[in-house]
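# fold the following for me, if possible:
(one chain, ligands or ions: 1)
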Amino acid sequence: MTKVLAIGAYTEEEGAALAAAFECHPLAEEREIANLPHPLRAEITGVAYKGHQGFGAAEMAHLPNLRLVANYGVGYDSIDIEAASARGITVTNTPDVLNDDVADLAIALWLMQGREMEQASAWARSGRWAQEGEYRRNRKLSGARVGIVGLGRIGREIADRLAAFKCELHYHARSEKETPGWRYHADPVALAEAVDVLFIALVGGPATEGYVSKEVIAALGPRGVIINISRGSTIDEAAMLDALEAGELAGAGLDVFLNEPQIDPRFYALPNVVIQPHQGSGSVETRAAMARLQRDNLAAHLSGAALLTPVN
Ligand code: 8YV
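Numbering: from 1, shown residues only. From the prediction side, this is the model:
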């Protein structure tokens, strides 16, 4: 039987499914790899990865016969792909199955932020609706000028949803894409100048670190709102917090942050920020599909069949 390390917090069901398919050794954290007995480490050929600390050359060095790292998630920024490729280790991810959930959450963040739904709910629950009357007016969203940064699979799902909201669509990507007339901006600052809302749907990793820069945030301006469902690292977070606190940015809807889940406490003091605990793909159905795709990649690789969703 093939030996697999399952790293990270799996649900009972996911753990059971992994254990049924492979001889599976669960580890809560990456750092525990070093403590495994050497004979076992040498027998591990696959890793089911759901960790957060990072899986790089040091972790790989403990596993001399590792052939595959199957990531639970579309974003693989916590895995060192270059180090894996150098060792001949294949990495897979779980694209597409989560597009709908993540795009749905992006739209929900936009609606919650603009219509002040958290505050309005608190208004009703506290009895103020009954005592003081209707909640204050907020912001019309349908028909807004919106920009998408990163028109990949998830960015496109967000754009399609926004089209149904009769929005004027603009986007920035590495190159112009075929679209139903959405306006391309080669420069993210020019995109931010043209819209009131920026949806960030970039991949994570070093190439996009701070991509939504201080300049982009300034160009969005005091009516501007940022929605981020990608990675905290894609935004200059300190610049965004400064702008939010100074009223130079109207608000934000964020599912992702630097240093999750120990996010910057400055966020908690901002009523114009909707905070979600990185739950974009977190429906029962989608998580089950992600876990299945991770297992199917492991099974394919270990039986010599073609991988379903390779990264490198
Ligand atoms: C996480 C995600 O993978 O797919 C991604 O890139 O960010 C999420 O779906 C999920 O939180 C599992 O750790």
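# helices or strands up against the longest helix that the chain contains?
What stands out as the longest helix in the chain, according to DSSP state H, is helix 284-302. Packing contacts for helix 284-302, counted by 3 or more C-beta pairs under 8 Å, 6 or more residues apart in numbering; DSSP states H and E, involve helix 12-21, strand 44-50, strand 68-71, strand 90-92. Every C-beta, even on glycine, is put in place using the N, C-alpha and C of the backbone.
# tell me the pLDDT of T2.
The per-residue pLDDT reported for T2 equals 71.
# oops, could you answer that again for L302 instead?
The model's pLDDT for L302 equals 84.
# how much space between the residue nearest to it when sequence neighbours are not counted and C24?
Leaving aside its chain neighbours, L302 sits nearest to T2 (4.6 Å; criterion: C-beta to C-beta, 6 or more residues apart in numbering). If you measure T2 against C24 using C-beta to C-beta, to the nearest Å, the figure is 9 Å.
# neighbours around the closest residue to M290 other than its chain neighbours, how many?
Once flanking residues are discounted, M290 sits nearest to T94: 4.3 Å by C-beta to C-beta, 6+ apart. By the other C-beta atoms under 10 Å criterion, the neighbourhood of T94 contains 26 residues.
# what comes up buried for the longest helix of the chain?
Using 16 or more other C-beta atoms under 10 Å as the burial criterion, the residues of helix 284-302 that qualify are 286-287, 289-291, 293-302.
# and the residue nearest to P261 when sequence neighbours are not counted, backbone torsions?
With sequence-adjacent residues excluded and distances taken as C-beta to C-beta, 6+ apart, P261 is closest to P277, at 6.6 Å. Main-chain torsions, P277, degrees, to the nearest 10: phi -90, psi 60.
# before we move on, what about A144?
Backbone dihedrals for A144, given as degrees, to the nearest 10, come out at phi -70, psi 160.
# point me to the residue of the chain nearest the ligand.
When scored by C-beta to the nearest ligand atom, the chain has G73 as its residue closest to the ligand, at 2.4 Å.
# distance between stretch 48-63 and the chain's centre?
Between the mean C-alpha point of stretch 48-63 and the mean C-alpha point of its chain there is a distance of 20 Å (C-alpha atoms, centre = their mean, to the nearest Å).
# correct me, but P95 touches L308?
No - with contact defined as C-beta atoms under 8 Å, P95 does not count as touching L308 (9.7 Å).
# returning to what we had before: T2 and C24: which is more packed in?
Applying other C-beta under 10 Å to T2 and C24 shows that C24 carries more neighbours, namely 21 against 18.
# and whatever helix or strand the more buried one lives in, C-alpha only, in PDB?
Here C24 is covered by strand 23-27, with elements defined by DSSP states H and E. In PDB, the C-alpha atoms belonging to strand 23-27 read as follows (Å, rounded to 0.1, in the frame of the first residue of the first chain):
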ATOM      1  CA  GLU A  23      -1.900   4.100   4.200                       C
ATOM      2  CA  CYS A  24      -2.200   7.500   5.700                       C
ATOM      3  CA  HIS A  25      -0.200   9.200   8.400                       C
ATOM      4  CA  PRO A  26      -1.900  12.300   9.700                       C
ATOM      5  CA  LEU A  27       0.200  15.200  10.900                       C
END
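# what's it packed up against?
In terms of contact count using 3+ C-beta pairs under 8 Å, 6+ apart, strand 23-27 is assigned the packing partners strand 3-8, helix 12-21.
# mind listing what's buried in the last one?
Meaning helix 12-21. Buried residues in helix 12-21, counted by 16+ other C-beta under 10 Å: E14, G15, A17, L18, A21.
# re earlier: residues touching the strand holding C24, excluding its own?
Taking C-beta atoms under 8 Å, 6 or more residues apart in numbering as the criterion, the residues outside strand 23-27 that touch it are 1-7, 10, 15, 18, 33, 36, 40, 44, 48.
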